[in-house]
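Asker: Structure, please.
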Amino acid sequence: MELSCSLPPGPRTVEYAQLAEALGYRRLWLYDSPLLYPDVWMTLARVAEATTTLGLGPGVLVPGLRHVATTAAAIATLESLAPGRVAAAVGTGFTARRLLGRPPLAWKHVETFVRELRALLRGDVAPIDGRPVRMLHPEGFAPPRPLATPILVAANGPRGCAVAQQLGDGVMAIAEPPEGFAWCAVARSGTVLEPGETLTTPRVVEALGPAIALIYHATYEAAGPGVDQLPGGRAWREATEQVPEAQRHHHIHEGHCVAVPDRERPLLDPQVGAMTFTGSAAELHQGAVALEHAGATELLYSPTGPDIPRELRAMARALHDR
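Answerer: Numbers count the residues shown, from 1 in each chain. Next comes the predicted model:
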């Protein structure tokens, strides 16, 4: 199983990418949430020019944020900067859609988007919005078509996995590895515990804070009062629901995967960190072996907290050195 990493675009992304490359990470996937982070394509271009072997790509793109032709051109541009190193993942959207005040897309929209994107990258004429569309870049303005950029579909349930089987080169999952995929990338957040550390150790609390907050956010968005089942979940929900509904999506996703707002910190139970990919180096090695046996071919490590270099180094040692 390959070890990759996924991060939000940010001011130190190039530094983190160069470190990941030196540590032997296979790919860097960057989140696409334009109301939270810098533009994913501009950041990927910077990473492409600062690295030589690291695979890279957006993970995940959300149809509706950009026209499919814009996405095809962005992929082609990145391929010209990092030939053979590019992949892309497409999904229904989570925070990127929620921050627009919208739910995730229906799978029929993702299916249409991937079909159109693949046709454009092949150099075919694609029927888009009822009109024939084709990439017409002159020589030197984009790599020649067809472009064989791998496309993963981010999915967990049966409908999404069916789209991934039909149209994707593989699947990207946040739950257990779906069966039947030759390329199965599984995302996990967490931290490697040093001897003597526990979930309540201050360093661990800081490292896991954004990942723990994400569990509350995602559970609430998916199940509403179901978040009450988490430790402290009812208090978290009641505080959240004091915010008017029209603005609540901004409140929930502030600092998503980067930093926990001070107002939210007392509401998060550190024990929820047990739901993340956290443990001693030996325990995480065993966890990675279990994921591989379950069908994962790529582990997307998503470090959070104030010291991303430490997290990248510790996870690489835990999984590569054993």
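
Asker: Low-confidence stretches in the stretch 201-322 of the chain?
Answerer: Applying pLDDT under 70 to the stretch 201-322 of the chain flags the ranges 321-322.

Asker: how about the strands in it?
Answerer: Secondary structure of the stretch 201-322 of the chain, counting by DSSP state E, counting those that start in this stretch: strands at 298-301.

Asker: Same check on the stretch 51-200 of the chain?
Answerer: For the stretch 51-200 of the chain, applying DSSP E, counting those that start in this stretch gives strands covering 55-58, 88-90, 126-128, 131-133, 151-154, 170-173, 184-188.

Asker: Which secondary structure elements does the second one sit against?
Answerer: Pointing back at strand 88-90 there. Judged by 3 or more Cβ pairs under 8 Å, 6 or more residues apart in numbering; DSSP states H and E, the packing partners of strand 88-90 are strand 55-58, helix 107-122, strand 151-154. C-beta here means a position set from N, CA and C on the backbone, and glycine is covered the same way.

Asker: Can you add distance to Pro225 and give these back as TSV?
Answerer: Formatted as TSV, the helices and strands packed on strand 88-90 follow (distance: least, Cβ to Cβ, whole Å):
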stretch	distance to Pro225
strand 55-58	33
helix 107-122	26
strand 151-154	26
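
Asker: Could you export the ones you listed as CSV, including mean pLDDT, mean neighbour count and distance to Arg66?
Answerer: Below are the helices and strands packed on strand 88-90 laid out as CSV (pLDDT from 0 to 100; neighbours: other Cβ atoms under 10 Å; distance: least, Cβ to Cβ, whole Å):
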stretch, mean pLDDT, mean neighbour count, distance to Arg66
strand 55-58, 98, 24, 10
helix 107-122, 97, 20, 10
strand 151-154, 98, 25, 15
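
Asker: closest to Pro138 out of those?
Answerer: Proximity of those to Pro138 was assessed by Cβ to Cβ; the nearest stretch is helix 107-122, lying at 16.0 Å.

Asker: So what touches the closest one?
Answerer: With Cβ atoms under 8 Å, 6 or more residues apart in numbering as the test, helix 107-122 has contacts from 63-64, 68-69, 71-72, 75-76, 90-92, 125-126, 128, 133-135, 145-149, 151, 153, 159-160, 163, 166-168.

Asker: Could the C-alpha coordinates of it be exported in PDB?
Answerer: Extracted C-alpha coordinates of helix 107-122, given in PDB (Å, rounded to 0.1, in the frame of the first residue of the first chain):
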ATOM      1  CA  TRP A 107     -24.700  11.600  -8.100                       C
ATOM      2  CA  LYS A 108     -26.200  12.100 -11.500                       C
ATOM      3  CA  HIS A 109     -24.400  15.500 -11.700                       C
ATOM      4  CA  VAL A 110     -21.100  13.900 -10.800                       C
ATOM      5  CA  GLU A 111     -21.600  11.100 -13.400                       C
ATOM      6  CA  THR A 112     -22.300  13.700 -16.100                       C
ATOM      7  CA  PHE A 113     -19.300  15.800 -15.100                       C
ATOM      8  CA  VAL A 114     -16.900  12.900 -15.200                       C
ATOM      9  CA  ARG A 115     -18.200  11.700 -18.600                       C
ATOM     10  CA  GLU A 116     -17.800  15.200 -20.100                       C
ATOM     11  CA  LEU A 117     -14.300  15.600 -18.500                       C
ATOM     12  CA  ARG A 118     -13.000  12.300 -19.800                       C
ATOM     13  CA  ALA A 119     -14.300  13.100 -23.300                       C
ATOM     14  CA  LEU A 120     -12.600  16.500 -23.300                       C
ATOM     15  CA  LEU A 121      -9.300  15.100 -22.100                       C
ATOM     16  CA  ARG A 122      -9.400  12.400 -24.800                       C
END
